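**Q** all I have is the shape, not the residue letters:
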């Protein structure tokens with residue numbers, strides 16, 4: 001809870017926070033609503049043990065004035081998918097922070113800052129996100145002892161541990177200090193004990209103590225970072241498991257219902273307290289293994305930098321589909337409804353400038369787009385051949401994402417009337433001025449671009465490696481259907497999730513997939529999706545055959561590689577494919 005409050009203070013305005021009403025000096029949601037215009041209109045919401053029903057009513061009342069790019073950070077122990085759903089319904093994307101619950105299976109982004117045992121990978125995992133204190137060079141064998149079980153202390157361990165070390169172990173009360181929980185009174189502690197009432201600088205003050213007694217969590221790792229001996233006493237078996245996993249000295253789980261600490265736990269606690277020198281060495285070993293301190297990272301910087309994707313499938317808009325792979329800046333899911341592999345991207349898409357088609361293209365393919373123009377134009381020959389199975393010369397053709405126009409030029413030479421659109425104004429300028437072919441700059445399917453294109457005038461629409469760039473496929477496919485007449489032809493190409501690269505390692509395939517490829521198709525999915533939008537597929541062509549990816553140890557001139565290439569064609573193992581379809585009906 002303390003980390004939640006410290007973080008929200010540094011988030012770029014406007015920001016909103018929703019946390020437990022029991023935490024002192026923190027505003028309730030209703031108070032934030034009065035202070036922040038159009039609450040919640042922030043990029044980041046921090047949530048910790050709050051009533052989702054009450055908060056959801058606030059979100060609903062303000063939904064009309066709230067932008068969709070909001071990130072909800074759940075700072076909880078074990079969230080469930082049901083806890084995330086009300087937020088996703090409002091278009092708010094959940095981010096889990098040090099969460100070990102089943103919600104990890106569906107959350108768009110997972111950040112693990114506190115080391116521990118979790119059943120799945122996080123997008124990013126590092127103690128550098130904790131803003132930990134530096135290691136102290138001082139050693140205080142007889143210094144004060146701090147007991148800190150947080151502001152909530154649901155197991156009421158503070159009073160029981162204080163009584164045990166004073167009455168059973170014989171520690172002088174004047175050496176003991178306790179952070180006062182919300183559910184405890186000062187009178188419940190020995191009168192000589194020092195009481196800390198919600199200290200704001202506890203992280204810095206830890207170096208003053210010779211020992212910290214707490215449960216597994218942020219405070220324990222702050223002490224480990226500072227080099228202070230730590231003993232954990234756990235309110236749940238799960239916390240005890242985490243302490244064992246991280247090899248932190250611990251007396252283990254204590255039943256919250258017991259009135260005092262069991263005798264065997266007190267014996268174990270005394271043994272550990274008598275071994276402060278050994279504890280300090282253990283803490284240093286843990287520190288060396290797990291602690292990362294760098295000024296280049298931090299949870300506030302991360303939260304402020306993240307782009308916020310909508311928490312739903314890019315095809316059917318199903319909320320929070322199941323996650324299949326996580327990487328530092330992106331997450332992939334597989335929708336159980338439409339079966340697409342989709343992407344949550346947390347960085348802005350690249351800008352399709354002349355640099356994108358120049359130096360960036362050259363880094364990937366060895367030459368710039370214009371240097372590769374003739375090769376790309378040659379790829380149009382089999383594509384136009386497949387289009388001609390349902391088309392005739394003279395038809396009007398619209399190429400969406402035409403770039404610098406190699407396909408447009410090939411289509412013109414084949415007898416069609418080409419027209420291009422592209423997001424890059426530089427590319428459109430080249431098409432109009434150098435190729436003398438009609439072209440329109442704009443983002444498809446924006447209203448401005450659609451309004452500028454004549455309806456039912458194009459008989460052919462093509463998209464070569466463009467469909468995967470649409471963050472939301474439904475409006476794009478509906479717009480294509482709207483532009484074509486009945487019988488019109490749709491032709492597209494896209495990467496293949498059934499190709500050899502994805503079959504060998506789906507994780508590596510997705511890791512190498514561009515950050516702006518929001519959907520990953522395969523032929524079966526393509527046929528089914530196009531049918532839903534009024535198209536009947538008449539041909540699928542598997543392309544992108546790379547036999548060297550199947551048998552990488554064979555030389556490029558080996559006859560065996562040719563045989564593997566034939567097998568790749570036979571078993572349809574190409575990493576890309578093309579789809580050719582005709583419009584049969586209007587999109588419902």
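**A** The structure has been received and is ready for your questions. Remember, it's a predicted structure, so these values are computed and weren't measured experimentally.
**Q** contact partners for residue 226?
**A** By Cβ atoms under 8 Å, 6 or more residues apart in numbering, the residues touching residue 226 are 132-136, 206-207. Yep, even glycine has a C-beta here, placed from its N, CA and C like the rest.
**Q** need the pLDDT of it.
**A** pLDDT recorded at residue 226 is 91.
**Q** measure it to residue 220 for me?
**A** For residue 226, the distance to residue 220 equals 11 Å [Cβ to Cβ, to the nearest Å].
**Q** likewise residue 167?
**A** Applying Cβ to Cβ to residue 167 and residue 220 gives a distance of 25 Å.
**Q** can you list the weak-confidence ranges in the chain?
**A** 1-69, 138-140, 294-297, 551-558, 560-561 (pLDDT under 70).
**Q** that older thread, from the contacts of residue 226, which is closest to residue 394?
**A** Nearest to residue 394, judged by Cβ to Cβ, of the contacts of residue 226 is residue 132 at 70.2 Å.
**Q** three-state assignment of that closest one?
**A** Assigned by DSSP: H, G, I helix; E, B strand; the rest coil, the conformation of residue 132 is coil.
**Q** wait, it touches residue 221, no?
**A** Yes: counting by Cβ atoms under 8 Å, residue 132 does reach residue 221; the two are 6.6 Å apart.
**Q** list the residues that contact both of the two?
**A** Common neighbours of residue 132 and residue 221 (Cβ under 8 Å, 6+ apart) are residue 291.
**Q** how much space between the residue lying farthest from the centre of the chain and residue 145?
**A** Distance from the C-alpha centroid of the chain, by Cα atoms, centre = their mean, peaks at residue 170 (50.2 Å). In this view, residue 170 and residue 145 are 12 Å apart by Cβ to Cβ.
**Q** do the same with residue 253
**A** Computed with Cβ to Cβ, the distance linking residue 253 and residue 145 is 21 Å.
**Q** again with residue 446
**A** Distance of residue 446 to residue 145, given as Cβ to Cβ: 64 Å.
**Q** these two: who's more crowded?
**A** residue 145 (23 against 13; other Cβ atoms under 10 Å).
**Q** so which of residue 167 and residue 220 has more stuff around it?
**A** residue 220 (27 against 13).
**Q** quick check: which element contains the more buried one?
**A** According to DSSP states H and E, residue 220 maps onto helix 218-226.
**Q** other residues contacting whichever helix or strand comes after that helix?
**A** Sequence order places strand 230-234 as the next helix or strand after helix 218-226, per DSSP H and E. Strand 230-234 is contacted from outside by 157, 161, 211-216, 220, 223-224, 239-240, 243, 248-254, 261, 265, 269, 272-273, 279, 283, using Cβ under 8 Å, 6+ apart.
**Q** again, but for stretch 480-488
**A** With Cβ under 8 Å, 6+ apart as the criterion, stretch 480-488 contacts 398, 400, 445, 450, 453, 455-461, 463, 490, 533-535, 582-587.
**Q** again, but for stretch 193-204
**A** Contacts of stretch 193-204 (Cβ under 8 Å, 6+ apart): 2, 24-25, 131-133, 144, 148, 151, 162, 166, 173-174, 176-180, 186, 189, 205, 219, 222.
**Q** okay, and which of these map to helices?
**A** Using DSSP state H, the subset of the contacts of stretch 193-204 located in helices is 2, 162, 205, 219, 222.
**Q** format these as TSV; extra columns: distance to residue 86 and neighbour count.
**A** As requested, the ones in helices among the contacts of stretch 193-204 are exported to TSV (distance: Cβ to Cβ, whole Å; neighbours: other Cβ atoms under 10 Å):
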residue	distance to residue 86	neighbour count
2	26	19
162	40	23
205	38	15
219	30	23
222	33	24
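**Q** among those, which one lies nearest to residue 287?
**A** Using Cβ to Cβ, these come closest to residue 287 at residue 222, 11.3 Å.
**Q** picking that back up, give me the buried subset of the contacts of residue 226.
**A** Listed as buried from the contacts of residue 226 are 132-133, 135-136, 206-207; burial here means 16 or more other Cβ atoms under 10 Å.
**Q** which of those sits closest to residue 578?
**A** Residue 578 lies nearest to residue 132 out of these, by Cβ to Cβ, at 52.6 Å.
**Q** residues contacting the closest one?
**A** Neighbouring residues of residue 132 by Cβ under 8 Å, 6+ apart: 203, 221-222, 225-226, 291, 293.
**Q** same check, this time on residue 475
**A** residue 445 are the contacts of residue 475 under Cβ under 8 Å, 6+ apart.
**Q** please, which helix or strand holds it?
**A** Applying DSSP H and E as the criterion places residue 475 in helix 473-483.
**Q** check residue 324 too.
**A** Assigned by DSSP H and E, residue 324 belongs to strand 322-327.
**Q** who touches the helix or strand following that strand?
**A** Under the assignment DSSP H and E, the closest C-terminal helix or strand after strand 322-327 is strand 330-334. Around strand 330-334, the neighbours that count as contacts under Cβ under 8 Å, 6+ apart are 106, 108-109, 123, 313, 321-326, 340-347, 510, 515, 520.
**Q** quick one, strand 330-334 and strand 322-327 angle?
**A** Interaxial angle, strand 330-334 versus strand 322-327 (axes from the mean of the first three to the mean of the last three Cα atoms, to 10 degrees): 150 degrees.
**Q** mind listing what's buried in strand 330-334?
**A** For strand 330-334, burial by neighbour count (16+ other Cβ under 10 Å) applies to 330-334.
**Q** equivalent analysis for stretch 106-125, please.
**A** For stretch 106-125, burial by neighbour count (16+ other Cβ under 10 Å) applies to 106-116, 118, 122-125.
**Q** run through who's touching the helix or strand hosting residue 287.
**A** Residue 287 belongs to helix 276-290 when assigned by DSSP H and E. Residues from elsewhere that reach helix 276-290 (Cβ under 8 Å, 6+ apart): 115, 127, 135, 139, 141, 210-211, 223-225, 227-231, 246-249, 272.
**Q** please apply the same query to stretch 354-373.
**A** Contact partners of stretch 354-373, identified using Cβ under 8 Å, 6+ apart, comprise 350, 376, 403-404, 406, 424, 426-427.
**Q** which residues touch residue 458?
**A** Residues counted as contacts of residue 458 (Cβ under 8 Å, 6+ apart) are 396-398, 419, 483-484, 488.
**Q** hmm, 7 Å instead?
**A** 396-398, 483-484, 488 (Cβ atoms under 7 Å, 6 or more residues apart in numbering).
**Q** give me the buried subset of the residues you listed.
**A** Buried residues within those, counting neighbours by 16+ other Cβ under 10 Å: 396-398, 483-484, 488.
**Q** quick check: the nearest residue to residue 320 once chain neighbours are set aside vs residue 507, distance?
**A** Excluding the flanking residues, the one nearest residue 320 by Cβ to Cβ, 6 or more residues apart in numbering is residue 106, at 4.1 Å. Plainly put, residue 106 is 18 Å away from residue 507 if you go by Cβ to Cβ.
**Q** just to revisit the earlier point, any chance of the contacts of residue 458 in JSON lines with distance to residue 550 as columns?
**A** Conversion of the contacts of residue 458 to JSON lines gives the following (distance: Cβ to Cβ, whole Å):
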{"residue": "396", "distance to residue 550": "41"}
{"residue": "397", "distance to residue 550": "36"}
{"residue": "398", "distance to residue 550": "37"}
{"residue": "483", "distance to residue 550": "40"}
{"residue": "484", "distance to residue 550": "38"}
{"residue": "488", "distance to residue 550": "38"}
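**Q** closest one of the residues you listed to residue 412?
**A** Closest to residue 412 out of these is residue 397 (8.9 Å), distances taken as Cβ to Cβ.
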